[in-house]
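# pasting a predicted model and its sequence here:
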Amino acid sequence: MTTEPLTFPLANAGPFDPPSELMAMREGRPIAPLRLPDGRLGWVVVRRATVRSVLADPRFSARQELRGNLSPSGGSLPPAPPGMFIGMDPPDHTHYRHLLTGQFTVRRMRQLTARIEQLAEEHLDRMAAAGPPVDLVATYARPIPAMVICELLGVPDEFRERFGQQVAELSRQDATPEEQQRTLVGILTYLGELVREKRSTPTDDLLGGLVVDGAGLTDEELTNLAFMLLGAGLDTTANMLGLGTLALLAHPEQIPVITNPDTVDNAVEELLRYLAIVPGTLRTALEDVEVEGVTVRAGETVMVSLPVANRDPERFADPDTLDLTRQTSGHVAFGHGVHQCLGQQLARVEMRVAFPALFRRFPTLRLAVPQEEVPLRDEMLIFGVHRLPVTWED
Amino acid sequence: MAEIRADREVCVGAGMCALTAPELFDQDDEDGRVVVLVTRPEAELRERAREAVRLCPSGALSLSEEA
């Protein structure tokens, strides 16, 4: 067994498979040292049970100023600004999250089904009118989740046109700190103006509601909440739709499982389990903690590999095989612990609508290029495909 | 007897319980937090209850089971 640390970022083994170094850890090496891009030495864990226990353990903090930096620019991150609760611990995290949880319930998200169906059909009409081949990412996978999250928050179309691409670009691993800062300031300035507009003229949407009865939130808090929700909504489901379509086209015999209303829910869960779009998340030990027989010292950062936890043979038989009919419960694609994805029920509804609608409209859908020519988002913090050229029989 | 307990202060409104066992759990329309529909589930629903407890991300749910 080597003691040489692994180095982040690690390249995915293919469009559907997590890095082979991490997959190999399933054979008796449940924790390994990991060198983060800022030079700090931390750890990586891959077993589903370990990933869940770290994410549920209050001795592991999500505070961003405590952890190693995933960006090669290095240096410590500042504490999360007011409202950016993804980088906070309870009770600060809980205060903000509880203001939003009523907006993202299973029931509320299912009520969006008809609107998402309408958006899907509009975009399919445009695809049909343009004629094959098209880039499915630009015509379908990216615009639908973007329009849904903007409508939900009450962010005008103008924002998507001006900033949609830039929000996605913020997750580039190779962006310089100056580039990131410039992009960030531009987006936050726009959203700050929008929040002030909503204060003077409240609207019937999520941001408008928070302005009116948001427990006395400041403009800065509201701006950061809006930014976080937009960032989470623009680049995640979009990549699941792009990469998921690639996976389905590689396993065409399974497409009838996702177009069948009786089995679509499970099919979506299996795509969530199988596709590794979020490589991991970081937690920092607040005190010494034993993990898999190793003492993680106070101040050390642990990366939990969500994709490899989803390929854990202790939970999923034959875990590296896509099987839309398998028992999928217990995957950790949305994380675990108090930070588990707030928008997961929205993501589920978007996928339950968008995948079947696509394959019903274009039953002969296929790749327009060989699979190895599809450009992968290897340099991005959220994985997926940059473009997905597809064609069909007219 | 088996009894479901839910701590609404700990709940983070992820909706896993309502998704996994809608016969037993719902979410409050206002704040999204857990609402237990059936406190003492019948034997045939207990495995569903256990699964919802296991999947709860925040640890807000528990099931006390007596022989």
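Here it is on my side, so go on.
# and the residue of chain B found nearest chain A, helix, strand or coil?
As assessed by C-beta to the nearest C-beta, chain A sits closest to B:Gly13 within chain B, at 2.7 Å. The C-beta positions use only the backbone N, C-alpha and C, and glycine is treated the same way. Following DSSP: H, G, I helix; E, B strand; the rest coil, we place B:Gly13 in the coil state.
# wait, doesn't it sit right on A:His98?
Yes. The pair B:Gly13 / A:His98 is scored as a contact, 7.3 Å apart, by C-beta atoms under 8 Å.
# neighbours of residue 41, just the number please.
Here I'm looking at chain A. As a burial measure, A:Leu41 scores 12 neighbours (other C-beta atoms under 10 Å in any protein chain shown).
# let me rephrase: I mean chain B.
22.
# before we move on, the earlier item: what's the overlap in contacts for B:Gly13 and A:His98?
Shared contacts of B:Gly13 and A:His98, defined by C-beta atoms under 8 Å, 6 or more residues apart in numbering or on different chains, comprise B:Asp31, B:Arg33.
# can you pull out the helices in the stretch 1-150 of chain A?
For the stretch 1-150 of chain A, applying DSSP state H, counting those that start in this stretch gives helices covering A:20-24, A:48-56, A:92-100, A:106-110, A:113-130, A:136, A:143-153.
# let's have those helices in CSV, adding mean pLDDT and distance to chain B.
As requested, those are exported to CSV (pLDDT from 0 to 100; distance: least, C-beta to the nearest C-beta, whole Å):
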stretch, mean pLDDT, distance to chain B
helix A:20-24, 97, 23
helix A:48-56, 98, 6
helix A:92-100, 95, 6
helix A:106-110, 96, 4
helix A:113-130, 98, 15
helix A:136, 98, 28
helix A:143-153, 94, 14
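# just say which of these is most tucked in.
Mean neighbour counts were compared across these using mean count of other C-beta atoms under 10 Å in any protein chain shown; the top stretch is helix A:136, at a mean of 26.
# what is that one packed up against?
Using 3 or more C-beta pairs under 8 Å, 6 or more residues apart in numbering or on different chains; DSSP states H and E as the contact test, no helix or strand touches helix A:136.
# on that earlier part again, need the helices of the stretch 1-150 of chain A in CSV with distance to A:Pro78, can you?
Formatted as CSV, the helices of the stretch 1-150 of chain A follow (distance: least, C-beta to C-beta, whole Å):
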stretch, distance to A:Pro78
helix A:20-24, 29
helix A:48-56, 23
helix A:92-100, 15
helix A:106-110, 33
helix A:113-130, 37
helix A:136, 38
helix A:143-153, 25
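# of all the ones you listed, which lies closest to A:Leu207?
helix A:143-153 (5.2 Å; C-beta to C-beta).
# burial of residue 38, as a residue count?
Going with chain A. 18.
# switch to chain B, that's the one I care about
Using other C-beta under 10 Å, B:Val38 has 13 other residues around it.
# now for the residue nearest to it when sequence neighbours are not counted, how many residues are close by?
If the residues on either side of it in the chain are set aside, B:Val38 comes closest to B:Leu24, at 5.0 Å by C-beta to C-beta, 6 or more residues apart in numbering or on different chains. Residue neighbour count, defined by other C-beta under 10 Å, stands at 20 for B:Leu24.
# mind listing what the residue of chain B closest to chain A touches?
A:Arg97, A:His98, A:Thr101, A:Gly102, A:Phe104, A:Thr105, A:Leu342, B:Gln27, B:Asp31, B:Gly32, B:Arg33, B:Val34.
# A:Glu117 too?
Counted by C-beta under 8 Å, 6+ apart, A:Glu117 has contacts A:Val353, A:Ala357.
# one step back: of the helices of the stretch 1-150 of chain A, which is nearest A:Leu322?
With C-beta to C-beta, the closest approach to A:Leu322 among these belongs to helix A:20-24: 15.3 Å.
# who in chain B is up against chain A?
B:9, B:12-16, B:18-20, B:22, B:26-33, B:51, B:54-55, B:57-59 (C-beta under 8 Å from any C-beta of the partner chain).
# rerun that using 6 Å as the cut-off
Within chain B, the positions adjacent to chain A are B:Val12, B:Gly13, B:Ala14, B:Gly15, B:Ala18, B:Leu19, B:Gln27, B:Glu30, B:Asp31, B:Gly32, B:Pro57, B:Ser58 by C-beta under 6 Å from any C-beta of the partner chain.
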